[in-house]
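Visitor: pasting the structure only:
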């Protein structure tokens, strides 16, 4: 991975975001996180990322992928 890249991780689970930040920080220049779809929109508008890692489920307990 390009160490100069900016990644945005979007997930409603704070633990997943913490783990992603810890794992990805050595590989990316900048790692940002968002917990909501609105946070995704705001982050992209402020500074478009090179990579987006997007959770498929935004409803607690849902695992169908229909929410994302």
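Guide: Everything's here; your move. Here the structure is a predicted model, which is why all the values come from computation and not from measurement. Numbers count the residues shown, from 1 in each chain.

Visitor: so what's residue 34 up against?
Guide: 8, 9, 10, 40, 42, 43 (C-beta atoms under 8 Å, 6 or more residues apart in numbering). All C-beta atoms are positioned from the backbone trio N, CA, C, and that covers glycine.

Visitor: ok, for residue 30, nearest residue in space, not its chain neighbours?
Guide: Distances taken as C-beta to C-beta, 6 or more residues apart in numbering put residue 6 closest to residue 30, at 4.2 Å, once the chain neighbours are dropped.

Visitor: next, give phi and psi for that neighbour.
Guide: phi -110, psi 120 (degrees, to the nearest 10).

Visitor: cool, residue 32 as well?
Guide: phi -120, psi 160.

Visitor: those helices in this protein, which residues are they?
Guide: Counting by DSSP state H, the chain has helices at residues 14-24, 37-46.

Visitor: contacts for the worst-scoring helix or strand of the chain on mean pLDDT?
Guide: When each helix and strand of the chain is scored by mean pLDDT, DSSP states H and E, helix 37-46 comes last, with a mean of 88. With C-beta under 8 Å, 6+ apart as the test, helix 37-46 has contacts from 8, 10, 32, 34, 49, 52, 54, 58.
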